[in-house]
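Student: let me see the structure of the following:
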Amino acid sequence: MRQSHQETERHPRRLFASIANKASQGAGRASTFVLACGVIIIWAVTGPLFHFSDTWQLVINTGTTIVTFLMVFLIQNSQNRDSAAIQVKLDELIRTGTVQNSFVGIEHLTADELEELRARCEERAKAVAAEIRDERRSG
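Tutor: Numbers count the residues shown, from 1 in each chain. Alright, predicted model coming up:
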């Protein structure tokens, strides 16, 4: 049976998402932090053994650069997926709730449009707070 282009394209994405997810979970563990500290301690302790040579320094510099470079992509992937999932959940809450459905999809607005919307929301919140204060004073 022949796979469609979309299914074939989806497979590498799922594979990357799976790898990124597992790597992110692993990187966030305390044991991984302890392991990284151990590597640095071993590297530092071996300094006198290698006479603090350029190669000795290059090993840690290269290793940390590679790990940092790869982690940037893993972290960004995790943040993108988390943000998208949270957005979908919020959109569903807004859609099914009594709040304004006009807020669904606002993540696609420009920064200026979001700032304007935030300012309007703050003004409405202040007005509601003022109404509640007035009711308490008069009632």
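
Student: run a quick neighbour tally on the residue lying closest to V104 once chain neighbours are set aside.
Tutor: Counting by Cβ to Cβ, 6 or more residues apart in numbering, V104 lies nearest to D91, which is 4.7 Å off, once chain neighbours are set aside. The way it works is simple: take the backbone N, C-alpha and C, and place the C-beta from them, glycine included. Residues lying near D91 (other Cβ atoms under 10 Å) number 16.

Student: so for D91, what's the pLDDT?
Tutor: As predicted, D91 sits at a pLDDT of 74.

Student: what is the helix or strand hosting it packed up against?
Tutor: Per DSSP states H and E, D91 falls inside helix 54-96. Packing partners of helix 54-96 (3 or more Cβ pairs under 8 Å, 6 or more residues apart in numbering; DSSP states H and E): helix 5-27, helix 30-45.

Student: picking that back up, you'd agree the residue nearest to V104 is up against I106?
Tutor: No - shown here, D91 and I106 do not form a contact pair, counting by Cβ atoms under 8 Å, at 9.3 Å.

Student: picking that back up, from F103, how far out is the residue nearest to V104?
Tutor: Remark: distance between D91 and F103 (Cβ to Cβ, to the nearest Å) = 8 Å.

Student: same check, this time on E115
Tutor: Plainly put, E115 is 15 Å away from F103 if you go by Cβ to Cβ.

Student: who's more crowded, these two?
Tutor: Neighbour count, other Cβ under 10 Å: between E115 and F103, F103 has more, with 15 against 11.

Student: report the contact partners of the more buried one.
Tutor: For F103, the contact set (Cβ atoms under 8 Å, 6 or more residues apart in numbering) comprises I94.

Student: for it, report the pLDDT, please.
Tutor: 73.
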